[in-house]
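Colleague: the sequence and its predicted three-dimensional model are supplied below.
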Amino acid sequence: MRARAVALGALAVLAGCGGGDGAAPRPAATPTATVERAAPPPPTDEEQISAVLRDRAAALEAGSRRAYAATATRAQRRRDRGAAASAARLRVRDVRLELGTIRVSGNRASARVTLAYGIRGIRSSFGSTRRVDLVRAGKRWRIARERGGRGVPPWEAGEFAARRTKHFVMLAPPEAEVDDLLASLESGYGTIRGVLARGRLRRRYLVVVAADASQARALTTEIRGVETLAAIADATIRESGPQRRIVGVVSLRLLVVLPAFTALDSVGRGRLITHELTHAALTGATSGRTPAWLVEGVALYVSGDRRPAPPDADLGALSAPDAISRASGDAQAAGYATSSAAAFAIADRFGARRLLKLYHAFNDPELRGQAGPRLVRRAVRRELGVPLAEVQAAL
């Protein structure tokens, strides 16, 4: 390059000295250097698998059976086509498949994948986690198998059809008779609106109707004793600080086990639905410190389920948040009866508004202390102005 520059310089001098016509010398052309850019590195296995999961989520949200099945191996495609068709009928939205831990061995891989999705018309995000096996086919990874366990989305648990009313989106087996259930839901919504402040009620709730107890178990994750229940308020929440204050409700739905529900009489159905809807409506205000007797007592009160207290009723023993859910049989029945008697006793003396004010007190960061009898005594004294022993004596 240096030799070439010297030669060009000599030519420029000669051009300036000869001729004598006064013309300005032409500038010499400047050589252009060619910059070669390095080719980007090929995508890693993790990046390729993440891309396949994004394509799979987009296809599921769009309801495209063909595109969804194209992300899988031949053995998985038949199942995928059915799942995509079922999901399309439920009008899913905001579908995401997020890659977690992954292990790659040659042309095979195993990954932990989190599914997140919503249902149109419902203000919640639902999800589940599964293990996914993948194989490399040519230059692309494909889904070979999914292993879900519990907590599967409805379109993987069975066939569901969506029905929409003013306050509910219901996913139920297509052949299920659900007119009575829909009537009970709307009636329960009206009952709750008459007791709770309107702002605590969502405009619309999701209701998933399970064909039997085994399907209900597949749809849920950590709820125990599903086989003995007729309805469940199923929620995922975010807590904060030592007060376990509720700072967000991630997902919220009502799960109904159809055979157990239809076995009830009309009064029992109405009470059950109102009871569970009360839990759903108060999810955002139910601190991780709220005593079990108050959580169940308020739901029993709103649903009009008044029960006499057993002879050995003890509110202190039911002060732990899980005191009733850990019990079973006669002990659990006694816990519900004690809760009902306590809630009605407080409402009879102080009114329903004070009962609900006590409920919300446990979500107040200014009420300090860990869950248990001491905190309950402090909250009752602060909100009702009487010792807990006085409430106990009124049972």
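Modeller: Noted; the coordinates are in hand.
Colleague: identify the residues contacting the residue nearest to Arg200 when sequence neighbours are not counted.
Modeller: Nearest in space to Arg200, with sequence neighbours left out and distances taken as Cβ to Cβ, 6 or more residues apart in numbering, is Ala281 at 5.4 Å. Using the backbone N, CA and C atoms, a C-beta is placed for each residue, glycine as well. By Cβ atoms under 8 Å, 6 or more residues apart in numbering, the contact set of Ala281 is Ile192, Leu196, Arg200, Leu201, Arg202.
Colleague: equivalent analysis for Gly372, please.
Modeller: Per Cβ under 8 Å, 6+ apart, neighbours of Gly372: Ser319, Ala320.
Colleague: number the residues from 38 up from this point.
Modeller: Will do, 38 is the new start, and the previous item becomes Gly409.
Colleague: for it, give its distance to Ala431.
Modeller: Separation of Gly409 from Ala431 (Cβ to Cβ, to the nearest Å): 22 Å.
Colleague: same check, this time on Gly231
Modeller: Using Cβ to Cβ, one obtains 25 Å as the distance from Gly231 to Ala431.
Colleague: neighbour count for these two, which is higher?
Modeller: Legend: neighbour count by other Cβ atoms under 10 Å for Gly231 and Ala431, higher for Ala431 (15 against 9).
Colleague: number of residues surrounding the spatially closest residue to that one that is not a sequence neighbour?
Modeller: Among residues not flanking Ala431 along the chain, Ala382 sits closest, at 4.3 Å (Cβ to Cβ, 6+ apart). Residues within reach of Ala382, counting by other Cβ under 10 Å, total 19.
Colleague: and Ala382, what element?
Modeller: Assigned by DSSP states H and E, Ala382 belongs to helix 366-387.
Colleague: can you list the buried residues in that helix?
Modeller: 369, 371-384, 387 (16 or more other Cβ atoms under 10 Å).
Colleague: least confident of these?
Modeller: Within these, pLDDT reaches its minimum at Gln369, with 88.
Colleague: how about the contacts made by the residue lying closest to it once chain neighbours are set aside?
Modeller: Leaving aside its chain neighbours, Gln369 sits nearest to Ile361 (6.1 Å; criterion: Cβ to Cβ, 6+ apart). With contact set as Cβ under 8 Å, 6+ apart, Ile361 has these partners: Ala329, Trp330, Glu333, Leu355, Gln369, Gly372, Tyr373, Ser376.
Colleague: now for these, which pair is the farthest apart?
Modeller: The span of these, defined through Cβ to Cβ, is set by Trp330 and Gln369 at 12.3 Å.
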